[in-house]
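Peer 1: Mind looking at a prediction? Sequence and model below.
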Amino acid sequence: MRMVTTRKSVVKERKKGKAMGKKFKFLVCLLTVLAVITLPLVSPLEGHAEETITYDFTGIQIPEGMDPTLTVDVGTMQLFHTNDAMITAFVQALAAKYDYGENHIDQLTEINYIRGVINGVVPGGLHRAAYTTIQNTDGSLTYGNGTYIDINLTTQMLAYFQNGQCVYMTSIVTGNPNKGNATPKGVFTVQYKQRNRVLRGEDYEAPVKYWMRFVGNVGIHDANWRSSFGDSIYLSNGSHGCVNVPPANMPFLYETCPVGTVVVVHEDEALLAQQAAAQQQEQVNAALAEWIAQQQAAEQAQ
């Protein structure tokens, strides 16, 4: 018996097929959503995908109107947990957004940091991105197109560079690291300036004539209560974190450096290495002198 198919029945079957197709697609989507919600995450990165990271770009030169903080929420961390390649893509996008001038986010450091948070090796929470600086052809570093404030924690000197040339220097006193008040290291910018401000903390109140904040509550200011600056004062009588400048030298900095001026705070690695080597040599010399004295005493006793 041969089946006779009319045009009307063909149209009816096609409509029925389309309806079934839509139901099937809906069912697939529903099952996918349920799987994402209920199935455990599987990844070579084991650990703390429930952590969050908040990048803090306060003090960094960023385009006007851009949020100085960026939070990597739990959902994104879970994506990183399941797809390691997304970490690299995220950091690359972060660099494209927050790189400025010659200063670039150290992408490898940030990738390893995020992996560390996921693995539970390092804590999440508030985090400042690591930056690297492009070197000139002679090997020297360039910041702020050659115009910046350089704060050397090792030598306790502040220098102001203008178009790559040092035009001003002064001795300073920075935060006392032995009391947990070390001046933060990094590349920042002058965020705010104010005349005749009173600086207050838990156990102090200090009026200053010139105030230049560059990160958090840390800034550069005059310190008329100090009679000397420089050397190793900061190790025993350092500040609460701010950079103390002789009163006579602060007006120049305040008038010359506008808001947005790059501030570089660092240690002198070469000098630290020399100091460590000298200290080690002193220990060797002392041990040798003691040994010689013992030998001489033994010879005299014979």
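Peer 2: Structure's in. What do you need? The structure displayed is predicted, hence computed values, not measured ones. Numbering: from 1, shown residues only.
Peer 1: any weak-confidence spans in the stretch 101-250 of the chain?
Peer 2: Residues of the stretch 101-250 of the chain meeting the criterion pLDDT under 70: 101-103, 132-145.
Peer 1: can you give me the strands for it?
Peer 2: Here the stretch 101-250 of the chain has its strands, by DSSP state E, counting those that start in this stretch, at 103-105, 125-127, 131-133, 148-152, 157-162, 165-171, 186-189, 192-200, 205-215, 218-222, 243-245.
Peer 1: can you pull the buried residues of the fifth one?
Peer 2: Yep, that's strand 157-162 we're talking about. 157-161 (16 or more other CB atoms under 10 Å). Every residue, glycine included, has its C-beta placed from N, CA and C.
Peer 1: what does that strand rub up against?
Peer 2: Outside strand 157-162, the residues within contact range by CB atoms under 8 Å, 6 or more residues apart in numbering are 143, 146-152, 166-172, 220, 230, 243, 245, 253, 256-257.
Peer 1: same thing but at 10 Å, please
Peer 2: Residues from elsewhere that reach strand 157-162 (CB atoms under 10 Å, 6 or more residues apart in numbering): 142-144, 146-152, 166-172, 174, 220, 229-230, 243-245, 249, 252-253, 256-257, 261-265, 268.
Peer 1: Only C-alpha atoms, please: export it in PDB.
Peer 2: What follows is strand 157-162 as a C-alpha-only set of coordinates in PDB (Å, rounded to 0.1, in the frame of the first residue of the first chain):
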ATOM      1  CA  MET A 157      68.400  61.000  49.400                       C
ATOM      2  CA  LEU A 158      65.600  62.500  47.400                       C
ATOM      3  CA  ALA A 159      66.400  63.700  43.800                       C
ATOM      4  CA  TYR A 160      64.200  65.500  41.400                       C
ATOM      5  CA  PHE A 161      64.900  64.700  37.700                       C
ATOM      6  CA  GLN A 162      63.700  67.000  34.900                       C
END
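Peer 1: Residue 129: neighbour count?
Peer 2: As a burial measure, residue 129 scores 21 neighbours (other CB atoms under 10 Å).
Peer 1: show me what contacts the nearest residue to it once chain neighbours are set aside?
Peer 2: Counting by CB to CB, 6 or more residues apart in numbering, residue 105 is the residue found nearest to residue 129 once chain neighbours are left out, at 5.1 Å. Going by CB under 10 Å, 6+ apart, residue 105 touches 55, 57, 60, 91-92, 94-99, 129-132.
Peer 1: do the same with residue 124
Peer 2: By CB under 10 Å, 6+ apart, the residues touching residue 124 are 48, 50-54, 72, 77, 113-114, 116-118.
Peer 1: Then residue 182?
Peer 2: The contact partners of residue 182, by CB under 10 Å, 6+ apart, come to 153, 174-176, 234, 238-239, 241, 265.
Peer 1: Identify the farthest-apart pair in these.
Peer 2: In these, two members sit farther apart than any others by CB to CB. They are 176 and 265, at 14.9 Å.
Peer 1: who has more neighbours, those two?
Peer 2: residue 265 (22 against 19).
Peer 1: Tell me the buried residues in whichever strand or helix holds that one?
Peer 2: Assessed by DSSP states H and E, residue 265 sits inside strand 262-266. By neighbour count with 16+ other CB under 10 Å, strand 262-266 contains the buried residues 262-265.
Peer 1: Out of the contacts of residue 124, which end up buried?
Peer 2: For the contacts of residue 124, burial is judged from neighbour counts taken by 16+ other CB under 10 Å, and it is met by 48, 51-53, 72, 77, 113-114, 117-118.
Peer 1: related to what we said a few turns ago, helices - which of the contacts of residue 105 land there?
Peer 2: Among the contacts of residue 105, the members found in helices (DSSP state H) are 91-92, 94-98.
Peer 1: how about a markdown table for those, with distance to residue 216 and pLDDT added?
Peer 2: Below are the ones in helices among the contacts of residue 105 laid out as a markdown table (distance: CB to CB, whole Å; pLDDT from 0 to 100):
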| residue | distance to residue 216 | pLDDT |
| --- | --- | --- |
| 91 | 24 | 86 |
| 92 | 28 | 83 |
| 94 | 21 | 84 |
| 95 | 23 | 80 |
| 96 | 26 | 78 |
| 97 | 22 | 80 |
| 98 | 18 | 79 |
